[in-house]
Every structure is written in structure tokens, then in C-alpha cells.
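Q: need a 3D model of the sequence below.
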Amino acid sequence: MSAVLPSQFSHGTMRILLANFILTFGAASMAEEPGFISPDKTFVVASIKDVHRNDSYAIQTTKGSKVLAICPDDARFSASPSVVAWSPDSRIVAIHTRETRHGGAADIWLVEMSGASPIATQYPPEMGNFYFTPKRWLNANDLEFEAIGVLDPKHAPDPENSAKAYTFVLRIDRKTKKGVVVTMTKPQYGHF
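A: Predicted coordinates:
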């Protein structure tokens, strides 16, 4: 069997190969592209890029693409969303990016057709570099987070083993638009 050189391809063959390439590899990259739809299919979190923002996100409606919120200015150089966790009723969304203004926590929004309002959230105070990643909703108002990070050696029980991990539950009060930690597991120290 002889090798087929690119110059021997007809235009039709090239189109078929290109279409197969797009279907095979383009579909995989599209699945990884940030764009996370709410359970009721009403809202979406979409990655945005423009001259004023490196990578960020917007909360939009799925019909008409009405923009309800854009990542705030003090987080304008955040990376695209890596985790989007919608509440079961599609009214609250936690958006976690790889780089955020608060060093790895999530922005949380109360979402309505008229717009999205930020939820004021107090994450556990940690002396070190920590990531607070939303994992799952336990009910309509309680969101479980995973905390993992490296403590400042001065604040670590064992400076040789300064990694720390635990989970906590953040409860969202929809009326006051505030989130507070209500439970926390015992921390584990070591290499994770």
C-alpha cells in the first residue's frame, strides 16, 4: 500500500477529512469549553474574552442571550470558570475560576430573569494559599466545599507537613444575600 501524499488529495477528500477532524477533535474541545447551563436550562455561565478582559465569565439567559452579570472589575483577569455549581432550583450559582481575586474561592450569585446579584460570602480564614472549590449542593441553600492548600509554615502544626484539607458547608440566606459557614470537618494534614 502506497502512502497518499497531501498533493494527491482531491478537494472533496480534504473536506471529508477536515469534517472528520472537526467532529472528532472539535467536539471534545467544545465539551471542555466553559458554558455551563442551569438545571432548568434557563441560564448559562459562559466564558468571555475581549480587549479589556483576559479571560472571565458572564451569566446569561439561554434564550436571547441577555447578559445578567459579568465577572466584577476587581476580578477582571480571572481565568475562565473551571467549576460551575447551580443550586437544584437554578436560582443560585457558585462559579470557581482557576485564578480569582480571593485566591481560589468561588463567586456566588443569586440569579433572576432581571439580573444576578452577588452573594456576600465569608470563607474560612486561612494563613496560607488555599482553594475553596464548590463540590455539590446538599439542598437548595447549603453548598459543600472542599478546602485544600498549603499553610504558611509559621502557622502549620508541622512545618514539614504544611498541606491541609477539609470540607465545609456554606449556607446561603437568599433574603440577605449572604453566605456563612455552618459546618466544617476536622482538617487533615499531609501530602495531597
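
Q: show me the shaky parts of this protein.
A: Using pLDDT under 70 as the threshold, the predicted model of the chain has low-confidence ranges 1-35, 50-55, 73-79, 98-103, 192.

Q: strands of that one, start to end?
A: Listed in chain order, the strands found in the chain under DSSP state E are 35-37, 43-50, 53-61, 67-70, 81-86, 92-97, 106-112, 115-118, 120-121, 128-137, 142-151, 163-173, 178-184, 188-189.

Q: figure out which of the ones you listed is closest to Pro157.
A: strand 188-189 (6.3 Å; CB to CB). In short, each C-beta sits where N, CA and C put it, glycine included.

Q: note down every partner strand of the closest one and its orientation.
A: Based on DSSP bridges, the pairing partners of strand 188-189 within the sheet are strand 163-173 (antiparallel).

Q: same question for the partner strand: list its buried residues.
A: Neighbour counts using 16 or more other CB atoms under 10 Å place Ala163, Lys164, Thr167, Phe168, Val169, Leu170, Ile172 of strand 163-173 among the buried residues.

Q: which among those residues gets closest to Tyr189?
A: Lys164 (5.6 Å).

Q: just list whatever residues bridge to the closest one.
A: Counting by DSSP bridges, Lys164 forms beta bridges with Gly149, Tyr189.

Q: now the one 5 residues further on
A: Per DSSP bridges, the residues bridged to Val169 are Glu144, Thr183.

Q: was I right about it contacting Leu143?
A: Yes. Contact criterion CB atoms under 8 Å: Val169 and Leu143 qualify, at 7.0 Å.

Q: turn the strands of the chain into TSV, including distance to Pro157.
A: Listed next are the strands of the chain as TSV, based on distance: least, CB to CB, whole Å:
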stretch	distance to Pro157
strand 35-37	38
strand 43-50	38
strand 53-61	37
strand 67-70	40
strand 81-86	29
strand 92-97	27
strand 106-112	27
strand 115-118	35
strand 120-121	27
strand 128-137	12
strand 142-151	8
strand 163-173	9
strand 178-184	17
strand 188-189	6
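
Q: looking at the buried residues of strand 163-173, spot the one nearest Ile70.
A: Lowest distance from Ile70 to the buried residues of strand 163-173 (CB to CB) belongs to Ile172, with 21.1 Å.

Q: could you check how far that closest one is from Ala156?
A: Taken as CB to CB, to the nearest Å, the spacing of Ile172 relative to Ala156 amounts to 31 Å.

Q: again with Ile59
A: Computed as CB to CB, the Ile59 to Ala156 distance reads 38 Å.

Q: can you tell me, leaving aside adjacent residues, what's nearest to Pro157?
A: The spatially closest residue to Pro157, leaving aside those adjacent along the chain, is Tyr189, at 6.3 Å (CB to CB, 6 or more residues apart in numbering).
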